[in-house]
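J.: Here's my sequence, what's the structure:
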Amino acid sequence: MPLRVNAKELRELVEEIEAHGGDATTLRQELAALGPEDAPGPSRRGPKSEDKEETTEERLVRRVGYLFPSGVPFKEIYDYDYRFRQEELIEQCRKAGLGLSGDKKEMAAKLIAHNQSFADETSFLGEGI
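T.: Predicted coordinates:
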């Protein structure tokens, strides 16, 4: 079973081993691999306080931009967001078989993309008639 220690605990362990005459070379190498003491901890997700806050459009492009190769239709998304309550969008997504994750605007974007792809498929079927 592996032993988990932070840098401070590892440093104390090395000092204790060496104080009793033991060889802590391998542990010193591990300690050196951790980097300097003042190195920042693990990075957190989201914008940092000194960074500018992400706009709604930037967030939508990041979250659902892949659904719209020719550009995210912000006007339509805002229209859906205004016209429908969240419960209505959830129900529409369920009926369409779409994921329910995200906020209202993200669900609206998924529905718009789904409806556009459905319209493209039906227009293709009607061309030969």
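
J.: Return the list of helices and strands in contact with the helix ranked longest in the chain.
T.: When the chain is parsed with DSSP state H, its longest helix is helix 104-126. Contacts defined by 3 or more Cβ pairs under 8 Å, 6 or more residues apart in numbering; DSSP states H and E place helix 104-126 against helix 56-64, helix 74-83, helix 86-96. In this view, the C-beta of every residue, glycine as well, is placed from N, C-alpha and C.

J.: Relative to E91, how far out is the closest residue to A113 other than its chain neighbours?
T.: The shortest distance from A113 to any non-neighbouring residue, by Cβ to Cβ, 6 or more residues apart in numbering, is to L67 (3.9 Å). The spacing between L67 and E91, counted by Cβ to Cβ, to the nearest Å, is 20 Å.

J.: that older thread, export the helices and strands packed on helix 104-126 as TSV, with columns for distance to S117, mean neighbour count and mean pLDDT.
T.: Formatted as TSV, those follow (distance: least, Cβ to Cβ, whole Å; neighbours: other Cβ atoms under 10 Å; pLDDT from 0 to 100):
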stretch	distance to S117	mean neighbour count	mean pLDDT
helix 56-64	14	16	91
helix 74-83	14	15	94
helix 86-96	10	14	93
